[in-house]
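*Asks:* here is a sequence with its predicted model. Questions after.
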Amino acid sequence: MNRLLSKDFLSGVMFIAFGLVTLYFGRNLAVGTPVRMGPGYVPNMLSYILLVLGLIIAGFALLKGGEPVEAPQLRPIVMVTIGIIAFGLLFETTGMLPALVALVLLSSLGGTEFKLMEVLGNIVVLAILCIIVFKVGLGMNITVLNGVW
Amino acid sequence: MAMLDHLALGFSVAFSLQNLLYAFIGCMVGTLIGVLPGIGPVATIAMLLPITFHLPPTAALIMLAGIYYGAAYGGSTTSILVNLPGESSSVVTCIDGYQMARNGRAGAALSISALGSFFAGTVGTIIIVLFAEPLTLMAQKFGPSDYCSLMALGLVAAVVLASGSVVKAIAMVFLGLLFGLVGTDVNTGAQRFTFDIPELSDGIDFAPIAMGLFGIAEIVVNLERRMTRSGAIKVSSLWPTREEIRQAIPAAIRGTGLGSILGVLPGGGPTLAAFSSYTLEKKISRNPGKFGKGAVEGVAAPESANNAAAQTSFIPMLTLGIPSNAVMALMVGAMIIQGIQPGPEVMTKKPDLFWGMIASMWIGNLMLVIINLPMIGMWVKLLTVPYRFLAPAILLFCSIGAYSLANSTFHVYQVAIFGVMGYIFSRLGCEGAPFLLGLVLGPQMEEYFRRAMLLSRGDPSVFIQRPISLGLLIATAILLLLMALPSIKRAREEAFQEEEG
């Protein structure tokens, strides 16, 4: 079981997965001949190489074992990802300010320490900074708050 | 005296007000991130790529270059004053620099490292001027098969010199090459791996990938650990004693020499140069026992070496279009965003950009001495800003930057996706740098491969029939074989263990 959770075995599996995915989605691309290569020639070749390398990495890891993968802490990566996606969604619909508040709040929740007053202060400072730098300074076409500015 | 003409052209470009300003901004930002632990030059350049999009090409590249060598300068400050390396290239400086500071010689250590770096930067710039033209002329004789082999050599060498497992790094290169193929096939117009998303038909944009893989993933990994900061040592006089100068000068010269060589090698760069030169100093010293207790050589040599290497690593990128490390891959990306295809044509077709950038590197080095020495107190204060304030700010700038690429949130979501991917890579011990090199070189490599095969009527032996290509492939094979030898494998592992520790 430990061998299955080693960094090497899992990365081997990841490479195999990528190779299979690209082979699957590249199946309709014409391969052509070595003289007149079609759009699928090189992707196919690379996918097969990736598959072989993945098998080698995973195989060696099974035989020899390897460094176990550290248990991931889910909170930082999940909060940061949600924060960025929320930023994207809010930016389009409501403007930069709500998006900024959401991103800073969510990503701060991903850290080890969270003090509400600090985060609020950070939001105010960053909001002023962003408006000065991006809206006024660089003159970018950004809606700060939809319908207002 | 064509060389002097080139330099004159370079300085006339670099001394324009706009370019001076961007060199200064680059140096300031570079110093800033060099001082702040937990955010490196790769992540910063990745995050600033969208901004350079709106600048003229020369100014953009001058600024990015300034960030790169500025980070090498700034990283040494924190190493010496708080025993915290701001950059991986300054890790060794901690050993003796911090001890010097504890002995009351903080100011001397800072001056030696800054002046040593300036000397190394000057030499590095001269080396670029000397080698740029011959290398470019050589590269212009290359056919498609030669180029393909050269890229293979560049990719393999970069992998061999990177830390970690070689097979995994090679697999990452191939993964990067595959990602580089997304988009419209140039020869047939067929859509490859675009999933009917119109934004993908021009290929996956380079900037969001780099931002996600390096920027976001780095922040998340930093958020997982608690960061503690210790108080900084007060700086007294900046002047080194005569005895210290006497020890520093030969060490700085040796460090510069070694760093210049290691910088040119694919996969080399500041970090490798700093470690090697420290080891060299320790080996040739008559008194190795003083290393670790505040040896002047232990500061002068690695600090000169990392800066020399930061300069000379531009050589393969500028002349051949082959990036030797992740930062250079980002520079190539920045050039492509600006519509410039890196390679030997840059020097002949855009001499103002080429020589202007080289001249600006020397100016930037001069600026850095000024930025770093008198303003040292300001930089130290920055160290007290906690990471929990920085992380959201960096994420925010990333997201706005990604949006500004095409005024669309598509890129923002891309950053999020590649952030998750980068996090998985780092958890599995797969390095992002080989992936980035593959991604940058992928489209060109396919192009050269297909052209070479077309010219040879489908005969793959063209790669071993042309002498240049054959030589490059033999060098590639030797490198790979060397890696498989047990003794070298062990030495390599030990070297990288020291680096991590």
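*Replies:* On my side now, so go ahead.
*Asks:* residue contacts, the most centrally placed residue in chain A?
*Replies:* For chain A, the residue nearest the mean C-alpha position is A:Thr81 (7.6 Å; CA atoms, centre = their mean). Going by CB atoms under 8 Å, 6 or more residues apart in numbering or on different chains, A:Thr81 touches B:416, B:419-420. Bear in mind the C-beta positions are built from the backbone N, C-alpha and C, glycine included.
*Asks:* tell me which of the residues you listed fall in helices.
*Replies:* Taking DSSP state H as the definition of helices, these contribute B:416, B:419-420.
*Asks:* what's the domain layout of chain A?
*Replies:* A:3-64, A:74-137 (automatic domain parsing).
*Asks:* quick revisit: for the contacts of A:Thr81, which one is nearest chain A?
*Replies:* B:Ala416 (4.1 Å; CB to the nearest CB).
*Asks:* touching, that closest one and A:Ala86? I think so.
*Replies:* No: assessed by CB atoms under 8 Å, B:Ala416 is found out of contact with A:Ala86, at 9.8 Å.
*Asks:* strands of chain B, residue ranges please.
*Replies:* B:183-184, B:191-192 (DSSP state E).
*Asks:* any idea how far B:Gly432 is from chain A?
*Replies:* According to CB to the nearest CB, to the nearest Å, B:Gly432 and chain A sit 13 Å apart.
*Asks:* quick one: contacts for that residue?
*Replies:* Applying CB under 8 Å, 6+ apart to B:Gly432 gives the contacts B:172, B:213-214, B:217, B:326, B:422, B:425-426.
*Asks:* what would those residues look like in a markdown table with distance to chain A and neighbour count?
*Replies:* A markdown table is the format used below for the contacts of B:Gly432 (distance: CB to the nearest CB, whole Å; neighbours: other CB atoms under 10 Å in any protein chain shown):
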| residue | distance to chain A | neighbour count |
| --- | --- | --- |
| B:Met172 | 8 | 29 |
| B:Leu213 | 13 | 28 |
| B:Phe214 | 14 | 28 |
| B:Ala217 | 9 | 25 |
| B:Ala326 | 19 | 28 |
| B:Gly422 | 10 | 27 |
| B:Phe425 | 8 | 21 |
| B:Ser426 | 10 | 17 |
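*Asks:* could you dump these to a markdown table with pLDDT?
*Replies:* Shown next, in a markdown table, are these (pLDDT from 0 to 100):
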| residue | pLDDT |
| --- | --- |
| B:Met172 | 92 |
| B:Leu213 | 88 |
| B:Phe214 | 84 |
| B:Ala217 | 85 |
| B:Ala326 | 82 |
| B:Gly422 | 92 |
| B:Phe425 | 92 |
| B:Ser426 | 87 |
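*Asks:* quickly find the element holding the residue nearest to the centre of chain A.
*Replies:* According to DSSP states H and E, A:Thr81 maps onto helix A:74-93.
*Asks:* just the C-alphas of that helix, formatted as CSV.
*Replies:* Output of helix A:74-93 as CSV, limited to C-alpha atoms (Å, rounded to 0.1, in the frame of the first residue of the first chain):
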residue,chain,number,x,y,z
LEU,A,74,-6.8,20.7,1.4
ARG,A,75,-7.7,24.0,2.9
PRO,A,76,-5.1,26.3,1.2
ILE,A,77,-5.5,24.9,-2.3
VAL,A,78,-9.3,24.6,-2.1
MET,A,79,-9.8,28.1,-0.7
VAL,A,80,-7.3,29.7,-3.1
THR,A,81,-8.9,28.0,-6.1
ILE,A,82,-12.4,28.9,-5.0
GLY,A,83,-11.2,32.4,-4.4
ILE,A,84,-9.9,32.8,-8.0
ILE,A,85,-13.0,31.3,-9.6
ALA,A,86,-15.2,33.5,-7.4
PHE,A,87,-13.1,36.5,-8.5
GLY,A,88,-13.6,35.5,-12.2
LEU,A,89,-17.4,35.1,-11.8
LEU,A,90,-17.9,38.3,-9.8
PHE,A,91,-15.6,40.4,-12.0
GLU,A,92,-17.8,39.7,-15.0
THR,A,93,-21.1,40.3,-13.2
